[in-house]
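Novice: sequence? don't have it. structure:
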């Protein structure tokens with residue numbers, strides 16, 4: 001962490017590196033919102049968030065039909081503590097299914113397995129694929145009264161995805 005780095009940028013990066021699941025918002029065939037709980041990883045080489053999805057999942061079909069998606073990541077709730085100020089971020093993204101065996105897919109696989117080594121056996125299953133979520137912007141709430149909107153480059157910078 002740089003001492004020059006803004007506090008909210010640091011908080012965003014920490015949220016996305018500490019939390020391992022998020023609520024993925026996609027658009028159904030009828031245009032209705034669809035939300036699924038998904039594990040995700042950060043690929044610093046590709047500058048994307050990575051999902052490992054099954055072809056059988058509704059969110060996968062939704063992403064293949066319409067690549068617009070959002071991912072809401074929140075700090076875990078603590079029993080007995082107020083929830084209204086939980087740190088959270090909603091990232092607006094563009095999804096892309098990565099071609100099997102491509103350099104991008106190998107990079108995404110490495111990032112995902114570094115975070116979820118227990119999922120190695122699932123990466124060999126034929127109906128699963130890696131999806132890259134490219135950040136287009138975000139809305140961050142870092143606590144009560146600490147909220148901001150971010151452009152894509154700010155999200156990338158906050159994640160330290162940019163060189």
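Specialist: That came in fine, so what should we check first? Given the structure is predicted, the values throughout are model-derived calculations rather than measurements. Residues are numbered from 1 along each chain as shown.
Novice: Show me the beta-bridge partners of the most centrally placed residue in the chain.
Specialist: The residue lying closest to the centre of the chain (Cα atoms, centre = their mean) is residue 49, at 4.5 Å. Here residue 49 sits in beta bridges with residue 42, residue 133, as judged by DSSP bridges.
Novice: tell me the pLDDT at it?
Specialist: As predicted, residue 49 sits at a pLDDT of 95.
Novice: Can you name every helix or strand that the lowest-mean-pLDDT helix or strand in the chain contacts?
Specialist: Taking mean pLDDT, DSSP states H and E as the measure, the chain has helix 152-158 as its least confident helix or strand, at a mean of 86. Applying 3 or more Cβ pairs under 8 Å, 6 or more residues apart in numbering; DSSP states H and E, we find helix 152-158 packed against helix 7-18, strand 128-143. All C-beta atoms are positioned from the backbone trio N, CA, C, and that covers glycine.
Novice: ok, and for that helix, which residues are buried?
Specialist: Neighbour counts over helix 152-158 (16 or more other Cβ atoms under 10 Å) mark 152, 154, 155, 156, 157, 158 as buried.
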